[in-house]
Structures are given as structure tokens and as C-alpha cells.
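>>> below are the sequence and a predicted model; questions follow.
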Amino acid sequence: REGDRSSSPTNPNRANSPMSTEQTSAPTAAPDNEVSDAPSAQPAGPETDESTQPQQPQEEPTTAAEEDTAAAAPVAAATAPEEDAAEEDTAAEPADEAPTATEEASTSVMTTADGLSSRPATASAAGSGEAARGGEAEQEQEEQREEDGSSQTVAPGSSVPPPQFRKPFLGGFRNKKTGQEYHHASTQTPRPYRSKIPPSQKNHRETQTRIVRNKTQMTTVDSATQMTKPGVFVSDSESKYLDADGEYISYDERMARKENKAVVLQKHLRGVLARRRVRALRNQRDEFLQQQQQQNEMDELQRTLRAQRQADMRYHPKTPADFQQLYADVEQWRIDQTDVINKTASSEEERKSMLKALLDRQTKMLATLTVHKTQALKDSKEKKREKMLQSMAAPKVTVVESVTTWDGRPIVVREENPKTRRAAELVEMHNTLRMTSLDTEERLDILLQVKQIIADHNSKTSKELLGLINREGDLLIRSFGGAGLQGLRTRITNLFFDMLQDVTFNPIAEEYQVVRPDHRPHLFKCNACGRVLEKSAFPANAKVFNQCIKCVQKAGEAVVKKNYGEYERMLREAETAEARRGGKLVFLLQVADVAHLVEKIWHNRCALSGSEQLGDLTLTRWLREKPLSPWNVIVLAKKEVDRHERMEDVEETYNEELVQQVKMCNTAGKSVFKALAAKAT
């Protein structure tokens, strides 16, 4: 038997196989000083040195069954070739069939070069006999190790007995010729567990700290008491007797006291609620008084600004409306003075002399107004010229809506091109020509620069400008200057400005020219001045184009003037309010229409308070769901507009007399403005 055990071949690659370190049944390992890292090149046999052989365990006494098994081992070895042939024919059968004890005992593990394990079909007869003899002992040892939950590690270079189980097929393939099964190393090799959560998160203080929360709950507690009664005796040795201090109170008295206390509590509660309500009413009153004070201050500020604007308009008139207001004031002053003269004159001769003096004063006033008007027109023209020159010299500004800054504003791009640079140089020369503080050398220098610039430009204006520049240069060389050259310099400046408006000389001037069509079919003749003018030269509200705007203005200076300043303000305020609310009919009205509506229909007074301060009146809607029009309007003071617009139903809020008065005024307005009403419908 020892000869059979010693002659059984061993697998030289078994010690270094990946699966060899996880076997559950193996003989006793060799000492550490006798273990070799490399497997043996030759199988162990009888002639092998005993120092290289692992120690064999002592054999146990054999039984009769073991002897029968050992006798049957050669027969199994003889029938091995036939089993190999049968296994090649049945290679397609499932790999998870349960093997017999003889097959388990005769298998061994071998490691290939690519890391896959193979299991040969049969082994030598000596190995089969050895497995048969020690099968039961090894099975008992295996069961004992499984119960203990431990495994034994085999040292490299030592022989490993075949395992007592078939590994499950978890991927791989089987060789039909040799019958070997090759399993994937990735599915057969155990891998260490790697968590997807990094250790830095798992070891954080928040994950390692235990959070404890306390919650208080009120649970139901049942208790019972018992007293002495017939049939039950309860000892009162441990009872405590309490003596009540004070008089005895009956149930009725107790309920009366509770009612009194409840009344006291109700009084205090009602007092608290009343004080809260009074405090809220007081706050509302204070807010209302504060808003009213702010509104009064705003109204006073507006009146002050209006008075200041009117004073500036009288002392420094600038616009045609200002001069129209002054003409109306002069005319009103003349009418008032005439009434006074008619009442105070004692005789006809005295009245005529006083009227003549009044006419002379009026004539001087009108002459002074004419001088101021001419100067204002000149200043206005000069401002327009300055504005146009600055616009020419300024870089082109483009607002990019699609790109915004960090605060949400669109980006503004300023672009300079050759046209703007050329315009900036010419505008600078024009401003230098207008300067009066230059000495003779500086004046000659700027004249020479202008002459060089316009030398290449051939036009009638440039030739005339060159002649004037040469003339001024000759006079300056002859030391002739002072106020005598003022007219010549003004002509040079005006001609240079005309050159700036020429497209061939200043290319950017094309953007500031008014394009007029070659044919002018809408031409009309003014019967007053006899000129043939375009439609734009006549009043916009004129039904017949027989008098131009200038003739109308001149004719208006000799007739009775009327002040339309406040009516124009009312119209502008109404247009602004209707633009926010979507109304359109008010934009068809003229200033004269508003004057007629307020004067003739509403009699220049507020419909509610009756105030006749024309500066405080304004136009608003009567019914707020309909647009503002002559038949849906009410004249109110500015401080009454907000309260009127907050009303849901004005006909239910106001008294019947006021409602009828407003309806009558709106009906009269609709009858006067029939054409506008027809257009609206």
C-alpha cells in the first residue's frame, strides 16, 4: 500500500495554481524551511530523496470495506480508457451532474499557462486506490472543517489531494477531445470587496456621529380607588386628612364667583379688542393725513413750479407758445385798462387822450415782444445748429439687445468710422472760426487750414468762401481788425456751415438731409402772401388751405389774443393718462376743442367742488370702462381724480343731481362734436 501511495503521480503545477490555496482537504504541510517556491519538475516516486517528500500521516487500521475498495481499484484503472471514450461522446451533457465517489477521488486540479484551471477525466490506478482507502476519513475531516468554518492553506511545493466536490460552472468552455473544462479566472477567483462610496465620505464626522432625538409623549395611565362599603373594608391608617382653610362655599356661590370672574375676563378682553381697533383706526387716520399732506405738498410744489415757469416765460420767452401767451396777456391788459378808462374818464376829450396813451404803451410792448421773438428764434436756430454738429461728430451708438451686462442692461457699442472722424475735424474747425478770443496769428492759422481743406472742393459756395478768407487775410495783414470784421467773419462762419451740409464735402451730412420727392402734387397757394407752398406749410386742422401758418401768426398778432396755455396742459395730461389705459379718441382733439369743451360746456369749474382755479382742473373719464371723449368726461380738481377713479359705480356713489348734470354736459359735448362721434362709432 505504501508502494502504491508513493508511486501515485502528483501534479507539479498544483502548488502554484490559483485555486490550490483554497482547498479544504490536504495533507499536513511541510516545514517552512523545506518549502520551495518553484514546483518540482519531476513527479515524486520511490527513488526520490526523502528530504523533498512531504511527511505522510500515519495510517489508520483498515476495515473490510476498505480492503474491498482497494481490491476494486485496479479494475477501475483498467476501465479508464473506455470511460474516456464514453466521456468524449457525451461532452454535450450538462456539467452539473453529480459525480460518483470514484470519479471524485480520481480527479485532480491542474493550472494552465493562461490562468484557467482544468480537470482531467481520470487518474492512475494507484491514485484511485488511495482515494478509495482514505475517502471516508477525508470526508469526515471535510465535514469537521465545514462545521468549524475554517480552511487550511497548502504551502507551495506540497502535494494536494483532489477536492471532494465539483465546482459550479460559472463560465468557460470544455474540450471535447480531452474532456477538460476551462473556467474563466475572473469568475473563479475571489475578489476583495470594493465599496463605491469613497472612504473620505464614510469616515466623515457626520456619518460617524450618532444623532439622538428625544420626544416626550403623554401616555394614558389608568388608576383606581376604593372606599369602605358594606362587604368591603379598606384600611385608612395611611390616609391623610386635609383641613380646608376658610369658609364653606356652596355650589351656587362657586358658580356665581366663576360668572363674576368670567365677566371680568370678558371686560378685559373686550377692552383689548377695542384698543386694537382704535389703534388700527388711528393708524389709518394718520396714514390718510400723511398721504393728504404729501398730496397737498405736491400740489403746492406744482403750483410753485407753474408760477415760476410762467414768470420765466414772461421774462425770458423762448417758444412760440410763450410769445402767444405774452400777446394774450397784453391784449387782456388793454381790455382791462380800456374798461377802467371808460369808467373813470370825466369827459370825452380826457377819455380819448387816455386811450391814445394806452395805445402808445401797447405799441411799445408789442415792439419789445417782436424784438425778443426775433432773438429767441435766432437762439433756437443756433441751438439746432449746435445739436446737429454734435450729432455729426459723435460716434455711432448701437444698442445690442441680445447681449447684456452683469446687471441686465444691454451693451452699448460706440463705433467710429472715417465719416465721423472727418465730421469731427470739420466741426472743430467750425467752432474755432466762431471764437472771438483769437489773436491775429491764430486767426490767420485757422483761415489757412480752412483754405487748404476747401481748395480741392469745386463749388459755388467754396469759391465764395475762398474769396472771403483771402479778403480777411489781407485785412489782418494790414492790421485792420476789431468790430469792423465781425460781419465778414459771420459770413465766413455761415458759408463754412453750408459746406458742412454738402454731401460731397462732408459725407455724413447725407444722414441729416431731408429727402424731398421730385414731383410735388400737393401744392396750395396762400391768399395772404401769394406764395405756392406745400401742404405742411398750412395749419394741420385747416379745412381750406387758403392761408399759411406764417400769415396766420401775423394775422393773430393784430386780433384779440386768447390764452390756451392751461387748455394745452389739460390736453397733454389727458393724452398721457389715456396712453397708459389704451384710449385713442383723445388724440383726435385739438387745443381749441378742449378750450371750447371746458369753457362753454363745463364753464371752467370743477363738477364736485365748484373750484374755478383753471390751473388745478383736469379731464378724466366719467365711466372708467369707456375711453375719454367729449361725451364721457368730467372736469375735476387734481386732488379729486384718484378718489373718483377708485369708485366702482359712480352713478350709485354720487347723488342724483350731480349725475344728471354730468349726463347733460356729456350729451351737449356729443352734439357739438358730431363728426368725432360718428368717426368713433
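Nice, thanks for sending it over.
>>> what about the strands in the stretch 201-350 of the chain?
Remark: strands of the stretch 201-350 of the chain are absent; assignment by DSSP state E, counting those that start in this stretch.
>>> what residue ranges in it score low on pLDDT?
Under the criterion pLDDT under 70, the flagged ranges of the stretch 201-350 of the chain are 204, 206-207, 244.
>>> repeat that with 80
Within the stretch 201-350 of the chain, the stretches with pLDDT under 80 are 201-212, 223-226, 239, 241-247, 321.
>>> for it, what spans make up the helices?
Applying DSSP state H, counting those that start in this stretch to the stretch 201-350 of the chain gives helices spanning 205-208, 251-315, 320-344, 348-393.
>>> okay, buried residues for the third one please.
Neighbour-count burial for helix 320-344 flags 322-331, 334, 337, 341 (criterion: 16 or more other CB atoms under 10 Å). From N, CA and C alone the C-beta is placed, and that goes for glycine too.
>>> what is it packed up against?
Helices and strands touching helix 320-344, by 3 or more CB pairs under 8 Å, 6 or more residues apart in numbering; DSSP states H and E, are helix 251-315, helix 348-393, helix 549-558, helix 565-581.
>>> can you check the last one too?
Using 3+ CB pairs under 8 Å, 6+ apart as the contact criterion, the secondary-structure elements in contact with helix 348-393 are helix 320-344, helix 418-434, helix 486-500.
>>> tell me which of the helices of the stretch 201-350 of the chain sits nearest to residue 665.
Nearest to residue 665, of all the helices of the stretch 201-350 of the chain, is helix 251-315, at 25.0 Å by CB to CB.
>>> report the angle between that closest one and helix 348-393.
Per axes from the mean of the first three to the mean of the last three CA atoms, to 10 degrees, the angle that helix 251-315 makes with helix 348-393 is 100 degrees.
>>> helix 251-315 packs against which elements?
Against helix 251-315 (3+ CB pairs under 8 Å, 6+ apart) you get helix 320-344, helix 638-645.
>>> for residue 608, find the nearest of these.
Nearest of the helices and strands packed on helix 251-315 to residue 608, taken as CB to CB: helix 638-645 at 5.6 Å.
>>> on that earlier part again, quick one, which of the helices and strands packed on helix 251-315 gets closest to residue 212.
Across these, closest to residue 212 is helix 638-645 (CB to CB), at 62.1 Å.
>>> mind listing what's buried in the very next helix or strand once past that closest one?
Downstream of helix 638-645, the first helix or strand assigned by DSSP states H and E is helix 650-653. Using 16+ other CB under 10 Å as the test for burial, helix 650-653 gives residue 650.
>>> also stretch 378-388?
By neighbour count with 16+ other CB under 10 Å, stretch 378-388 contains the buried residues residue 388.
>>> next one: stretch 610-622
So stretch 610-622, judged by 16+ other CB under 10 Å, has buried residues 611, 614, 616-622.
>>> next, the angle from the top strand by length along the chain to helix 418-434.
In the chain, assigned by DSSP state E, the strand with the most residues is strand 396-404. Here strand 396-404 runs at an angle of 130 degrees relative to helix 418-434 (the same axes, to 10 degrees).
>>> pull up the pairing partners for the helix or strand just after strand 396-404, direction included.
Once the chain leaves strand 396-404, the next helix or strand it forms, by DSSP H and E, is strand 410-415. Here strand 410-415 has these sheet partners by DSSP bridges: strand 396-404 (antiparallel).
>>> thinking again about what came up before, residue 175 is nearest to which of the helices and strands packed on helix 320-344?
Of these, nearest to residue 175 by CB to CB is helix 565-581, at 93.5 Å.
>>> buried residues, the closest one. List them.
Buried-residue list, helix 565-581, by 16+ other CB under 10 Å: 565-571, 574, 577-578.
>>> now, which of those residues sits nearest residue 667?
Of all these, residue 574 has the smallest distance to residue 667: 19.9 Å, by CB to CB.
>>> low-confidence ranges in the stretch 51-200 of the chain?
Across the stretch 51-200 of the chain, the ranges flagged by pLDDT under 80 are 51-173, 181-200.
>>> and for residue 243, the neighbour number?
For residue 243, the count of nearby residues is 4 (other CB atoms under 10 Å).
>>> quick revisit: most tightly surrounded among the helices of the stretch 201-350 of the chain?
Highest mean neighbour count among the helices of the stretch 201-350 of the chain (mean count of other CB atoms under 10 Å): helix 320-344, with a mean of 15.
>>> quick one, it and helix 348-393 angle?
Using the same axes, to 10 degrees, helix 320-344 lies at 170 degrees relative to helix 348-393.
>>> can you list the neighbours in contact with helix 320-344?
With CB atoms under 8 Å, 6 or more residues apart in numbering as the contact definition, helix 320-344 has outside contacts at 310, 313-314, 317, 351, 354-355, 358, 362, 365-366, 369, 372-373, 376, 553, 556-557, 560-565, 568.
>>> now the helix or strand hosting residue 453: average pLDDT?
Here residue 453, judged by DSSP H and E, is contained in helix 440-454. Average pLDDT, helix 440-454: 90.
>>> elements contacting it?
With contacts taken as 3+ CB pairs under 8 Å, 6+ apart, helix 440-454 sits against helix 418-434, helix 460-477.
>>> what's the angle from the longest one to helix 440-454?
Compare the direction of helix 460-477 with that of helix 440-454 by the same axes, to 10 degrees and you get 160 degrees.
>>> just the mean pLDDT for helix 460-477, thanks.
Averaged over helix 460-477, pLDDT sits at 90.
>>> list the buried residues for that helix?
By 16+ other CB under 10 Å, the buried positions in helix 460-477 come out as 461-462, 465-466, 468-469, 472, 476.
>>> would TSV of the residues you listed with distance to residue 245 be doable?
Formatted as TSV, those follow (distance: CB to CB, whole Å):
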residue	distance to residue 245
461	123
462	125
465	123
466	128
468	125
469	125
472	125
476	125
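>>> residue 173 pairs with what?
residue 182.
>>> can you report how many residues lie near it?
12.
>>> where's it relative to residue 184, distance?
Distance of residue 173 to residue 184, computed by CB to CB, to the nearest Å: 9 Å.
>>> likewise for residue 425?
From residue 425 to residue 184 the distance is 87 Å (CB to CB).
>>> was I right about residue 420 contacting residue 506?
No. Applying CB atoms under 8 Å as the test, residue 420 and residue 506 come out as separate, 10.7 Å apart.
>>> which residues do those two both contact?
With CB under 8 Å, 6+ apart, residue 420 and residue 506 have common neighbours residue 392.
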